[in-house]
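Asker: Need coordinates for the following:
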Amino acid sequence: MILAIDAGNTRIKWGLHDGQAWLAHGRCMHREIHEFECALDQLPTPQKIVLSNVGGAQLQAALEHSLARYAVSVQQVTARASQCGVRNVYTTPGQLGADRWAALIGAHHLGAGNALVVNCGTAITVDALHQGDFLGGVILPGYHMMGSMLQQGTAGLANDPGQFNAWPANTADALESGRILAIGGAVALLREQLARQTGDLPELIVSGGDGARIALYLPQPLQLVENLVLEGLRAIAHEECL
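Answerer: Just a heads-up that it's a prediction; the model follows:
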C-alpha cells in the first residue's frame with residue numbers, strides 16, 4: 001500500500017495505490033491542508049509513503065506534521081542521474097524539480113518512447129523524453145499566471161473571462177487567445193525540434209491541473225494523464241521496495 005503525495009506550487013495532490021490500482025485520489029490547496037488530513041483519516045494505513053515537494057520548507061513541515069501519525073518513514077524524492085529506467089542529462093541532476101523528474105518517470109512507465117511531457121500547473125514544463133533519456137526541457141508561466149502577470153503589469157487589462165479566437169475582437173478574448181497561443185505555440189515548436197532531432201514525431205503526454213483545458217489547443221493526437229506525477233512517484237516507491 002503506497003501513499004504518493006505531489007506537493008506542487010499551489011496544490012497538494014495525493015493517491016493511495018495497493019500495488020494493482022489506485023484506490024483513492026484527492027487534492028487541495030496549500031491553505032486547505034486540513035482536507036488532506038481528513039482524507040488520511042479515511043484511508044487504510046500505507047506501508048510506504050513517497051513525497052515530491054516543490055512548495056517550499058513551510059509546506060514540507062506541515063506535511064511532515066500531517067504524516068507523523070504513521071510509523072512509516074517518508075521517501076523524499078529528488079532528481080537523480082538515473083532512476084526507474086530514466087536517465088537525466090541535466091548538468092547538475094539534482095537541480096531538476098522533483099515533480100518534473102517524477103512526471104518523466106511516470107511517462108516512461110506508461111510506455112512513452114519518444115515524447116514531450118507537458119505538465120500544466122502553476123508553471124508549465126515541457127520536457128523531452130527519448131527512449132528513457134531526458135534530453136532537457138523548458139519552463140513557462142502557467143495559464144493562470146500569464147493572466148495575473150498581464151493584469152499586474154498593465155493599467156488597463158483586467159483578467160476577465162474570454163474565449164479563444166484566432167483573431168479576437170475584444171480584450172478579454174485577446175488575453176485568453178494570447179496565453180493559449182503562447183503555450184500551444186511553444187509546445188508545437190518543441191515538438192518539431194524533437195522530431196528533427198530524433199527522426200520521429202514525438203507523442204504528447206499532457207497532465208496537470210490545466211492539462212485538460214490546454215490539451216484542446218495542442219497538436220493531436222495526445223495522451224491526457226490526470227495524475228502523471230503520482231504515477232511516477234508510485235513507480236519510484238515500487239522500485240525502492242524491490
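Asker: all contacts plus neighbour counts: C-alpha atoms, from now on.
Answerer: OK.
Asker: What's the mean pLDDT across stretch 209-222?
Answerer: Averaging pLDDT along stretch 209-222 gives 93.
Asker: list the buried ones in it?
Answerer: Using 16 or more other C-alpha atoms under 10 Å as the test for burial, stretch 209-222 gives 210-211, 214-215, 218, 222.
Asker: Among the residues you listed, which are located in strands?
Answerer: L222 (DSSP state E).
Asker: And the furthest pair within the buried residues of stretch 209-222?
Answerer: D210 and L222 (14.8 Å; C-alpha to C-alpha).
Asker: Closest one of the buried residues of stretch 209-222 to A57?
Answerer: For the buried residues of stretch 209-222, the nearest to A57 is D210 (25.0 Å; C-alpha to C-alpha).
Asker: Distance of the nearest residue to the closest one once chain neighbours are set aside relative to D99?
Answerer: Counting by C-alpha to C-alpha, 6 or more residues apart in numbering, C120 is the residue found nearest to D210 once chain neighbours are left out, at 5.2 Å. Per C-alpha to C-alpha, to the nearest Å, C120 is found 12 Å from D99.
Asker: what's the answer for N170, then?
Answerer: Counting by C-alpha to C-alpha, the gap from N170 to D99 is 37 Å.
Asker: Equivalent analysis for A4, please.
Answerer: Counting by C-alpha to C-alpha, the gap from A4 to D99 is 12 Å.
Asker: Please apply the same query to V72.
Answerer: Per C-alpha to C-alpha, V72 is found 22 Å from D99.
Asker: Over to V54?
Answerer: 7 Å.
Asker: These two - which one has more neighbours?
Answerer: Using other C-alpha atoms under 10 Å, the more surrounded residue of V54 and D99 is D99, with 26 against 18.
Asker: wait, doesn't the more buried one sit right on V50?
Answerer: No - assessed by C-alpha atoms under 8 Å, D99 is found out of contact with V50, at 11.9 Å.
Asker: so what secondary structure elements neighbour the helix or strand containing L16?
Answerer: In this structure, L16 sits in strand 11-17 according to DSSP states H and E. Judged by 3 or more C-alpha pairs under 8 Å, 6 or more residues apart in numbering; DSSP states H and E, the packing partners of strand 11-17 are strand 2-7, strand 22-29, helix 228-241.
Asker: try 6 Å this time
Answerer: strand 2-7, strand 22-29 (3 or more C-alpha pairs under 6 Å, 6 or more residues apart in numbering; DSSP states H and E).
Asker: First residue to last residue on stretch 20-37, what's the distance there?
Answerer: By C-alpha to C-alpha, the extent of stretch 20-37 from end to end equals 24 Å.
Asker: Give the buried residues for it.
Answerer: 22, 25, 27-30, 33, 35-36.
Asker: Same question for stretch 127-142.
Answerer: Those buried within stretch 127-142 under the rule 16+ other C-alpha under 10 Å are 127-130, 132-134, 137, 140-142.
Asker: Same check on stretch 60-80?
Answerer: Buried, per 16+ other C-alpha under 10 Å, within stretch 60-80: 60, 63, 66-67, 74-75, 77-80.
Asker: okay, how far is it across that stretch, tip to tip?
Answerer: So stretch 60-80: terminal residues 20 Å apart, C-alpha to C-alpha.
Asker: Same check on stretch 136-145?
Answerer: 23 Å.
Asker: With stretch 126-138 instead?
Answerer: End-to-end distance for stretch 126-138: 5 Å, by C-alpha to C-alpha.
Asker: host element of L51?
Answerer: Here L51 is assigned to strand 48-53, by DSSP H and E.
Asker: and the angle from that strand to strand 11-17?
Answerer: Strand 48-53 runs at 160 degrees relative to strand 11-17, counting by axes from the mean of the first three to the mean of the last three C-alpha atoms, to 10 degrees.
Asker: Tell me the helices and strands packed up against the helix or strand following strand 48-53.
Answerer: Following strand 48-53 in sequence order, the next helix or strand is helix 57-67 (DSSP H and E). For helix 57-67, there is no helix or strand it packs on, judged by 3+ C-alpha pairs under 6 Å, 6+ apart.
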